[in-house]
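K.L.:
3D, please:
(chains A, B, C and D)
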There are 4 protein chains.
Amino acid sequence: MPHNEQFASDNYAGICPQAMDYMARANERDASAYGEDPWTQMAADRLRETFESDCEVYFVFNGTAANSLSLAAMCQSFHSVICHELAHVETDECGGPEYASNGSKLLVGTGPDGKLTPQSIEQMVTRRTDIHYPKPRVITLTQSTEVGTLYSIEELKAIREVADHYGLRIHMDGARFANAVAALDATPAEITWKAGVDVLCFSGTKNGLAVGEAILFFNRQLAEDFEWRCKQAGQLASKMRFISAPWCGLLEDDTWLKNATHANACAERLEDGIRGIAGLELCFPRQSNAVFVDLPGDVQTALRARGWHFYTFIGGAARFVCSWSSTLPQVDRLVQDIGEVMRNR
Amino acid sequence: MPHNEQFASDNYAGICPQAMDYMARANERDASAYGEDPWTQMAADRLRETFESDCEVYFVFNGTAANSLSLAAMCQSFHSVICHELAHVETDECGGPEYASNGSKLLVGTGPDGKLTPQSIEQMVTRRTDIHYPKPRVITLTQSTEVGTLYSIEELKAIREVADHYGLRIHMDGARFANAVAALDATPAEITWKAGVDVLCFSGTKNGLAVGEAILFFNRQLAEDFEWRCKQAGQLASKMRFISAPWCGLLEDDTWLKNATHANACAERLEDGIRGIAGLELCFPRQSNAVFVDLPGDVQTALRARGWHFYTFIGGAARFVCSWSSTLPQVDRLVQDIGEVMRNR
Amino acid sequence: MPHNEQFASDNYAGICPQAMDYMARANERDASAYGEDPWTQMAADRLRETFESDCEVYFVFNGTAANSLSLAAMCQSFHSVICHELAHVETDECGGPEYASNGSKLLVGTGPDGKLTPQSIEQMVTRRTDIHYPKPRVITLTQSTEVGTLYSIEELKAIREVADHYGLRIHMDGARFANAVAALDATPAEITWKAGVDVLCFSGTKNGLAVGEAILFFNRQLAEDFEWRCKQAGQLASKMRFISAPWCGLLEDDTWLKNATHANACAERLEDGIRGIAGLELCFPRQSNAVFVDLPGDVQTALRARGWHFYTFIGGAARFVCSWSSTLPQVDRLVQDIGEVMRNR
Amino acid sequence: MPHNEQFASDNYAGICPQAMDYMARANERDASAYGEDPWTQMAADRLRETFESDCEVYFVFNGTAANSLSLAAMCQSFHSVICHELAHVETDECGGPEYASNGSKLLVGTGPDGKLTPQSIEQMVTRRTDIHYPKPRVITLTQSTEVGTLYSIEELKAIREVADHYGLRIHMDGARFANAVAALDATPAEITWKAGVDVLCFSGTKNGLAVGEAILFFNRQLAEDFEWRCKQAGQLASKMRFISAPWCGLLEDDTWLKNATHANACAERLEDGIRGIAGLELCFPRQSNAVFVDLPGDVQTALRARGWHFYTFIGGAARFVCSWSSTLPQVDRLVQDIGEVMRNR
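P.N.:
As a prediction, the model looks like this:
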């Protein structure tokens, strides 16, 4: 792959310097295993400060594990989890949540721009209430969504109202939570526990780590004995410090937020560039670090021939995702190439 | 904790330089996610060369996951897994194998020096054959064992004979496999597939990585669709290269073997030192990188007060584990302190 | 509930005399437990004769268990099962298949008259082939379907072709299999293994038993150690003879077929009667023992006030199901009441 | 098998007349499915009266299901269940509890006469408290035990004290609960909730039903959404009345207690007879409906040749179990045969 010529995923990006620096620092001497080390304590404390909450904090290896284990802690096997039809838990975790919960069904709803609405949730809760159908127990929201859009604080609070009405818990898949915080004019607390979120999976990997996600239980009761769950599920790192110390790097000097702000800015520049090209339309409002464009198939092929990496989304649109390692010149080159290819058709 | 003054676990050691170097190299540019990168290909190929086998290779995050998922691939929920009563899967994985397999029971056997014998295995297989008891399907062996001892090639082959007789598969927990290879006068192939092992979990973490274990299926049929199993269980790293590239570092120039040989040598020196102290006895033959000594409780307390870290094993013995980062002067200081404390009683 | 005035479900009907007679015979003296009795042997043998196949036969307690356990035997947790959106496994088993398989996802397809088509199956298999999505492994067909329609032999064979092409197994939910055999001009063998079905769940409960379903593995390899699976899942009856002996009653003198033929004939008469009432239309072709009519809500209310029991189907239609215990005069009374209520609107 | 010449198991006995009578009554007309029928209501109410408790009542098909599902409701997958090494959940349910709970480990303790002691429980709870070992959450007691002995009220209360101290719940496997009530001078309430039992699995099958166990949640919080769990696990009978109506038969006129009292009396007579034979000793105090005798192997063989059916227990003893259908003359014939065989050696 040509150097840095990818907008495929923030998963393709590497480790940001601040995380790498902390990894080296954690490697200077031996330390206790299984999270009984000072780095893990520091990372958890910094997360609590960042979220202004005395929440319970756990670190696991990846996003599928974070989502699956936290959902399993929020319901029983005979309960169901309400999600959007585009949610990662439904489309890209290979049945991970069903596996970790030993059978909880995902109830798949719809809604514009990749977002559930209070109405769509209510409809899913009320259409069946008999014991032949799994009982809804959790709503999971992705912030920012799979298509890069955002739940506003008002939208979150409206969903919390429905949740309260029906006794549901709210889980947030924060694979790109940092990008959401950067994009919304809000604090981490305001778009999580202050808006009714019970549990957040906060991704470090997409933000600049090698590996590692944080699970934050604002509703501490749901975290009961959760460390045993992590251990049993193969999600307790023996050399935990190499996950938690890099998190310290992200959380120092707002690195996580700067990384996300930068990625969002790259995406905004890409949006602007694309808007200047005749014949193209964005599929979804560009609100965070992803841009979805209705590029014709032959245009996508031509771009790939020029060395660009990106995903083709369900339905055929091109998905461009920016990361902490994207650069503005790179965005400009991409825009130029798209423009050329479009004009040469 | 004082610098390097620990013999608690090879999990307390850091990342060895060769692994760190490859992590930095993998971080030089973006790369495809989920193992579709050149580092993962290289690491798998080097493992296949090392084992002289066209085996299937998968990377997961930790040892509990490696053991649990590979055992789940080797049996069904209503089957059982024969293990030694000291095996990590029984004593220290919090029901991980039972969870991943959805209920497979561990049948716990005994045997001297932490090793199962063909007789103990046969007895477990034959004592119950009715459907009210889970049907034995897998034998799991730990090499080197939890008490640092080794299965010889002859012992492995004798167990393979029993396995063949009863239609059982053989799993090897190689949390300290490198130490076993270094200690036995044998190649990796000779103490695995050539001796009848179907699947090996080969630990990188204890050998000098930050995170990451390799699962090698010498019996390729057992690996059918295993990549989906890893994905579902939250064990597919998105930025896989940061697990696999460090493996390349371990596998280059026999680093893994040198790390293990060094750890074994430190343990041998520790053994020699302890043998020179009146009143102490080793609990098990010292064969790899761990030394178990019947240190009285007050002696252990006194050593800890001097800043030494080590575990107290079931039954009260002191366990000292050496790693790639242990040093001979450190061993000598430990021996001296043990001697002083013993003499001062 | 007024005597026999129900068309709610064949689950509301009682035990047919022939089954009850065999239950009494099995109760004449003590017998070995867990299926080691002559009745269980006899029932299994009669099933093998009926199906002209040396298939493996197991008895479990109910339909959810039969479907869930047989599907679990046909795939792994990271595989998926293709079913119609109206299939009982999807709509009415509360996540039973996901639970028994420890997470297998159901891929929900569509098709007219409650039936999957080769095209719909192929589309589900091919739309995703990456490891982030569970790999399709099984197709499940309901015969007769949830809306009382039938797969013809030709349709089954066409689906088998797709299954062969993609390496899929075929499971048949035979909750009303007897009604299908009675309705199609075919033998049990012709619409199962001769048409490519690997495993059949054959319901006895809906056909006249108190409790008990038979699982027939025509593909005997899939039945490996299945008795242990039943035991572990709480589906091995200790006094098995009280499930199997009544099956002997069903299978003697074609009682099962006569029961089904009678139920189908009642439904046909109901269909005829409804066709004679102005303003009503059947929602699906009436092919077995169920009639779905687009009765307006007020008409349904009025009928219930007159003491009739029936279900309202998804979308609002009335569902009338006939059983071995339905009677033609009862059908005539129902038709008369529907007619009166319709005319009185 | 010769008529009634079995002391193998109360599972070999048939349906008692009172249960059969109610089955016939429930079969007189159609009734609503899935427990929405008057028989199920009546059976649950009679159980509540019998136990003087407004407990939650559920009916499932067999004992493995009753134990497995109730234990799963009492803990999470990463918790453990403390049981005696002879407990049915450990020895004869093929990993059912581990399956239903998705991995909960059974911690196996010892104690004389098949009973756990407060000391043995405490030892299991305290020996490990780290997250690498599943956290104890439930104690399961079998009343009467697998060897026919009884927990006294005082013993139960002493165990409750330990349970309270460590935050454990108490589950009772009542496979032969009726025999325990008949043998102890106590009410059902006194040896369950009044002595600290949270959940009881009360067997109907061994007491004279064809199929069917009741689960009683005295601790009602543990029953939250339990009906969904039953449904998902394939334990909700569609024609529920054929399980619950026979329960009405058992619960009317103290039939259940009379059945148990009779079985106990048969066992007592057997005990008396055996005590009169020189050279034999009972292995455990005969306290309910089972007698364990140290019959030499050749004696067992000779008895079987005379047509007697019984089990050989772990260790080689002969187990004779009496049921509602055993008769005193039959017991006398058995005693006579044992005496003859012993004298003829």
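
K.L.:
use CA for all of it now, contacts and neighbours both
P.N.:
OK.

K.L.:
so A:L107 touches A:H79, yeah?
P.N.:
No: contact criterion Cα atoms under 8 Å: A:L107 and A:H79 do not qualify, at 10.1 Å.

K.L.:
Closest approach to chain C from the stretch 201-345 of chain A, which residue is it?
P.N.:
A:I314 (9.6 Å; Cα to the nearest Cα).

K.L.:
Count the neighbours of the residue nearest to A:T117 when sequence neighbours are not counted for me.
P.N.:
Closest residue in space to A:T117, ignoring its immediate chain neighbours: A:G111 at 6.2 Å, by Cα to Cα, 6 or more residues apart in numbering or on different chains. Neighbours of A:G111 under the rule other Cα atoms under 10 Å in any protein chain shown: 15.

K.L.:
now A:G111: how far from B:V162?
P.N.:
59 Å (Cα to Cα, to the nearest Å).

K.L.:
and if you look at A:F202?
P.N.:
49 Å.

K.L.:
Quick check: the residue located most distally from the centre of chain A vs C:L295, distance?
P.N.:
Residue farthest from the centre of chain A, counting by Cα atoms, centre = their mean, is A:N344 at 36.7 Å. Going from A:N344 to C:L295 by Cα to Cα gives 60 Å.

K.L.:
A:P112 too?
P.N.:
Applying Cα to Cα to A:P112 and C:L295 gives a distance of 34 Å.

K.L.:
Which one of these two is surrounded by more residues?
P.N.:
Applying other Cα under 10 Å to A:P112 and C:L295 shows that C:L295 carries more neighbours, namely 21 against 10.

K.L.:
For A:A8, which non-adjacent residue is spatially closest?
P.N.:
A:F310 is the one closest to A:A8 (Cα to Cα, 6+ apart), at 3.7 Å.

K.L.:
quick one on the thing from earlier: residues shared between the contacts of A:L107 and A:H79?
P.N.:
With Cα atoms under 8 Å, 6 or more residues apart in numbering or on different chains applied, the contact sets of A:L107 and A:H79 do not overlap.

K.L.:
Between these two, tell me which one has more neighbours.
P.N.:
Taking neighbours as other Cα under 10 Å, A:L107 and A:H79 compare with A:H79 leading, 25 against 20.

K.L.:
I figured that one was touching A:H132, is that so?
P.N.:
No: if you go by Cα under 8 Å, A:H79 and A:H132 don't touch, sitting 11.2 Å apart.

K.L.:
Quickly list what's touching both of these two.
P.N.:
D:W228.

K.L.:
Regarding the closest residue to A:V197 other than its chain neighbours, what are the backbone dihedral angles?
P.N.:
Leaving aside its sequence neighbours, A:V197 sits nearest to A:I170 (Cα to Cα, 6+ apart; 5.2 Å). Backbone torsions of A:I170, given as degrees, to the nearest 10, read phi -120, psi 120.

K.L.:
can you count the residues close to A:I170?
P.N.:
28.

K.L.:
cool, the one 3 residues further on as well?
P.N.:
As a burial measure, A:D173 scores 27 neighbours (other Cα under 10 Å).

K.L.:
what's the pLDDT at the residue nearest to A:A175 when sequence neighbours are not counted?
P.N.:
Leaving out its chain neighbours, the residue that sits closest to A:A175 by Cα to Cα, 6+ apart is A:S203, at 4.8 Å. With respect to pLDDT, A:S203 scores 98.

K.L.:
What is the subsequent helix or strand relative to the longest strand along chain A?
P.N.:
For chain A, the longest strand by residue count, based on DSSP state E, is strand A:135-142. Downstream of strand A:135-142, the first helix or strand assigned by DSSP states H and E is helix A:153-166.

K.L.:
list the buried ones in that next one?
P.N.:
A:153, A:155-163 (16 or more other Cα atoms under 10 Å in any protein chain shown).

K.L.:
tell me what that helix is packed against?
P.N.:
helix A:118-126, strand A:169-174 (3 or more Cα pairs under 8 Å, 6 or more residues apart in numbering or on different chains; DSSP states H and E).

K.L.:
Next, count neighbours for A:V331.
P.N.:
That count, for A:V331 with other Cα under 10 Å as the rule, works out to 22.

K.L.:
Kindly report the same for A:A189.
P.N.:
19.

K.L.:
Quick check: pLDDT value at it.
P.N.:
At A:A189, the predicted lDDT confidence score is 98.

K.L.:
Going by secondary structure, it is in what exactly?
P.N.:
Here A:A189 is assigned to no helix or strand, by DSSP H and E.

K.L.:
can you pull the contacts of it?
P.N.:
A:50-53.

K.L.:
before we move on, the earlier item: chain B versus the residue farthest from the centre of chain A, what's the distance?
P.N.:
29 Å (Cα to the nearest Cα, to the nearest Å).

K.L.:
Just the buried residues of stretch A:20-38, please?
P.N.:
A:20-24, A:26-27, A:29-35, A:37.

K.L.:
Which residue lies closest in space to A:S32, excluding its sequence neighbours?
P.N.:
B:Y12 (5.2 Å).

K.L.:
ok, the one you found to chain D distance?
P.N.:
16 Å.

K.L.:
Flag every residue of the stretch 1-150 of chain A that's near chain B.
P.N.:
Applying Cα under 8 Å from any Cα of the partner chain, we find that the stretch 1-150 of chain A lies next to chain B at A:1, A:3-4, A:6, A:11-15, A:27-33, A:61-65, A:68, A:93-96, A:99-100.

K.L.:
filter the residues you listed to the buried ones?
P.N.:
By 16+ other Cα under 10 Å, the residues of the stretch 1-150 of chain A next to chain B give A:4, A:6, A:11-15, A:27, A:29-33, A:61-65, A:68, A:93-96, A:99-100 as buried.

K.L.:
if we compare the helices and strands packed on helix A:153-166, which one ends up closest to A:V331?
P.N.:
strand A:169-174 (24.9 Å; Cα to Cα).

K.L.:
relative orientation of that closest one and helix A:153-166 in degrees?
P.N.:
Relative orientation of strand A:169-174 and helix A:153-166, computed by axes from the mean of the first three to the mean of the last three Cα atoms, to 10 degrees: 150 degrees.
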